[in-house]
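Peer 1: structure for the following, please:
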Amino acid sequence: MTLWFFLMPTLLIIWRVIACRLRSQYFKDDNNLQSVAILGANDISNEIADEIINNRSLGYRFVGFYDDRDETDERTPNDLLGPIIGSFDDAVTAASKGEIGVLYISLPLAAEVRIGLLLEELSDSAVAVHIIPNFFIYNILHARWHTIGSHQALSIYDTPFYGAGSLLKKVEDMFIGSLILLLISLPMLVIALAIKMTSRGPVLFKQKRYGINGRELTVYKFRSMTVCDDGDVIKQAEKNDARITPLGAFLRRTSLDELPQFFNVLNGSMSIVGPRPHAIAHNEEYRKKIGGYMLRHMVKPGITGWAQINGLRGETRFIEQMEKRIDYDLYYIRNWSLVWDIKIIWLTIFKGFVNKNAY
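Peer 2: Numbers count the residues shown, from 1 in each chain. Predicted structure coming up:
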């Protein structure tokens with residue numbers, strides 16, 4: 001078992017490197033490429049064409065699109081990456097003659113009947129046929145197949161943290177969180193004393209926020225204001241906000257007020273990296289205005305995140321600012337990896353603490 005544990009990863013890596021190089025070398029010859037076409041000339045099929053054209057290791061040679069509409073139709077994208085070489089009937093004919101090796105069908109859900117007819121006609125050929133489910137492709141949060149008895153289902157909204165991923169995320173939070181708390185314990189003690197000596201009120205500010213699956217959690221921060229708002233209406237901090245204490249202004253500019261949230265990490269209610277939690281009042285406001293807003297709660301909220309190191313933090317005066325922040329949060333959830341988490345933590349040291357929007 002010990003030999004297997006250390007030997008198998010090494011052999012797998014060696015095999016992957018060799019296989020990738022052999023594959024790249026093999027597909028340098030155009031004769032080894034399969035001809036591929038896409039049924040449906042739309043934005044999503046254009047993206048698929050881009051992947052095929054720019055990734056020769058797929059083993060495909062893109063020949064064009066098939067569609068009953070031509071390039072002059074207003075519904076056809078202006079920047080198609082290939083020609084429309086015929087209609088759907090032409091695609092069936094080309095497939096039956098063996099002129100096309102692979103076909104991708106990229107049609108909307110409304111064309112279900114047309115797709116069914118195409119599949120029936122294409123079954124009389126030896127061409128490989130794949131369907132791009134573009135009716136929900138932009139809404140997929142973390143797609144994966146799972147089984148319910150003898151049936152299969154495709155997850156549309158789901159967390160990336162299941163199985164080994166869940167364990168990796170937990171180990172990352174416990175190990176790195178404990179290490180950071182050890183390093184910041186003395187600075188936190190100094191900050192706590194400074195808050196106590198410079199203003200009246202508690203050292204820690206506690207606020208109810210939404211955590212994973214929309215469940216409430218209590219978030220801890222160093223108090224930076226003269227008030228401790230936590231109700232149905234909460235005013236966001238503004239530039240030159242009179243509620244912010246002089247020490248609090250420094251803590252907020254440097255994000256030192258967030259340090260107590262490492263206790264949230266250790267108690268399992270937050271992660272080091274993830275979408276920043278918002279006050280419940282703000283959640284209830286924005287979930288009504290922004291589609292998919294609550295999908296960010298499919299994972300634990302984080303102390304830092306992909307949106308924060310890209311400058312999307314602080315006051316949101318316009319709805320577009322919050323929409324962009326949500327886009328970054330959902331992009332993180334879709335593409336999560338342990339390496340990316342470590343990269344975000346590292347970048348936070350240089351980009352995450354001090355920001356012009358932090359006040």
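Peer 1: quick check: Val36 is in a strand.
Peer 2: Yes - under DSSP: H, G, I helix; E, B strand; the rest coil, Val36 sits within a strand.
Peer 1: low-confidence regions, the stretch 251-359 of the chain specifically.
Peer 2: 314, 352-359 (pLDDT under 70).
Peer 1: just the strands from it, written as ranges.
Peer 2: Remark: strands assigned in the stretch 251-359 of the chain by DSSP state E, counting those that start in this stretch are 271-273, 302-304.
Peer 1: residues touching Tyr332, list them.
Peer 2: 273-275, 305-307, 340 (C-beta atoms under 8 Å, 6 or more residues apart in numbering). (Each C-beta comes from the backbone N, C-alpha and C, glycine too.)
Peer 1: picking up where we left off before, and of the strands of the stretch 251-359 of the chain, who's closest to Met225?
Peer 2: Taking C-beta to C-beta, strand 302-304 is the member of those nearest to Met225, at 19.5 Å.
Peer 1: residues making contact with the closest one?
Peer 2: In contact with strand 302-304 (C-beta under 8 Å, 6+ apart) are residues 258, 261-262, 264-265, 270-276, 344-345, 348, 352.
Peer 1: ok, so of the residues you listed, who is nearest Val92?
Peer 2: Pro275 (46.2 Å).
Peer 1: residue contacts, the closest one?
Peer 2: Here Pro275 is in contact with 296-297, 299, 301-302, 305, 307, 329, 332-333 (C-beta under 8 Å, 6+ apart).
Peer 1: on that earlier part again, quick one, which of the contacts of Tyr332 are buried?
Peer 2: 273-275, 305-307 (16 or more other C-beta atoms under 10 Å).
Peer 1: filter those residues down to the ones in helices?
Peer 2: Residues of these located in helices (DSSP state H): 306-307.
Peer 1: hey, C-alpha coordinates of stretch 154-170 in CSV?
Peer 2: In CSV, the C-alpha atoms belonging to stretch 154-170 read as follows (Å, rounded to 0.1, in the frame of the first residue of the first chain):
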residue,chain,number,x,y,z
LEU,A,154,-27.1,16.7,-14.2
SER,A,155,-26.4,19.1,-11.4
ILE,A,156,-27.0,22.7,-12.5
TYR,A,157,-26.7,24.6,-9.2
ASP,A,158,-24.3,22.7,-6.9
THR,A,159,-21.2,23.2,-4.7
PRO,A,160,-17.7,22.2,-6.0
PHE,A,161,-16.9,20.9,-2.5
TYR,A,162,-17.9,17.3,-2.4
GLY,A,163,-15.8,14.1,-2.0
ALA,A,164,-12.1,14.8,-2.0
GLY,A,165,-12.7,18.5,-2.8
SER,A,166,-14.6,19.0,0.5
LEU,A,167,-11.9,17.3,2.5
LEU,A,168,-9.1,19.4,0.8
LYS,A,169,-11.0,22.6,1.5
LYS,A,170,-11.5,21.6,5.2
